[in-house]
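Peer 1: Just to be clear, the model below is a prediction. Sequence and coordinates:
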Amino acid sequence: GNSVTQMEGPVTLSEEAFLTINCTYTATGYPSLFWYVQYPGEGLQLLLKATKADDKGSNKGFEATYRKETTSFHLEKGSVQVSDSAVYFCALSAAGGDDKIIFGKGTRLHILP
Amino acid sequence: SQTIHQWPATLVQPVGSPLSLECTVEGTSNPNLYWYRQAAGRGLQLLFYSVGIGQISSEVPQNLSASRPQDRQFILSSKKLLLSDSGFYLCAWSNPGGGENTIYFGEGSWLTVV
């Protein structure tokens, strides 16, 4: 079945450091891929998405490229801020038929000032 | 624009008591609706999803149930809560058809069973 695997946290970085959170997926066909962010005490918000191979999603300085050859959708940011501290979820939506959204387990990110 | 609202935001319930969490979506028709649970230190677990009124799919065996009495209303219930039911519950919706449709979440409901 479809699944998403993302790196376990917590990830702790200093402000202005480079961030990478790895995400790989298993799916039949061509799923859409998402990154969601959950700030403390809140629900999940869509951060970015990509719907086909080689697409790059971007938002708030974060980027992720849909790599079909490596079945990956790694999240990157060039210079993180304290306000980026949150839990990040990678997710996929299977193409056609099944409407379920599959999430990874989440990666907690701590940014130190 | 579409909005999703769930309530209550926080509740503390004794073991064995009933539960009812309600979720409504506005500004769209025939949405797919979801209930997720996020237990402390764990990821998101899909509990139920619905593609239409009265159509509920359960993802995991448990003492929770879901109902969809109206197109944009989704209710999570339990007759007798267990300690293990504590967690953060999230309602969500997406447009039907799967594929590239984004899923949108409510604010979440914190449940503590004591």
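Peer 2: In hand now; what should we look at?
Peer 1: any idea what sits nearest the residue in chain A that chain B sits nearest to, other than its immediate chain neighbours?
Peer 2: Closest to chain B within chain A is A:K105: 3.3 Å, counting by C-beta to the nearest C-beta. The way it works is simple: take the backbone N, C-alpha and C, and place the C-beta from them, glycine included. In space, A:K105 comes closest to B:G43 once its chain neighbours are excluded; the distance is 3.3 Å by C-beta to C-beta, 6 or more residues apart in numbering or on different chains.
Peer 1: correct me, but the one you found touches A:R108?
Peer 2: No. Judged on C-beta atoms under 8 Å, B:G43 makes no contact with A:R108 at a distance of 10.7 Å.
Peer 1: give me the number of residues near B:L90?
Peer 2: 25 (other C-beta atoms under 10 Å in any protein chain shown).
Peer 1: State the distance from it to B:E107.
Peer 2: The gap separating B:L90 from B:E107 is 9 Å, by C-beta to C-beta, to the nearest Å.
Peer 1: ok, the spatially most central residue of chain B - contacts?
Peer 2: Closest to where the C-alpha atoms of chain B average out (C-alpha atoms, centre = their mean) is B:W35, at 2.8 Å. B:W35 sits next to B:21, B:23, B:46-49, B:66, B:74, B:76, B:89-92 when contact means C-beta atoms under 8 Å, 6 or more residues apart in numbering or on different chains.
Peer 1: so what pLDDT did it get?
Peer 2: As predicted, B:W35 sits at a pLDDT of 94.
Peer 1: ok, what's across the strand from it?
Peer 2: Judged by DSSP bridges, the bridge partners of B:W35 are B:F48, B:C91.
Peer 1: try A:C23
Peer 2: Beta-bridge partners of A:C23, as defined by DSSP bridges: A:Q6.
Peer 1: Could you report the pLDDT at the closest residue to chain A within chain B?
Peer 2: Residue of chain B nearest chain A, by C-beta to the nearest C-beta: B:G43 (3.3 Å). pLDDT, B:G43: 79.
Peer 1: State the distance from it to B:N63.
Peer 2: 21 Å.
Peer 1: same question, A:A17
Peer 2: 44 Å.
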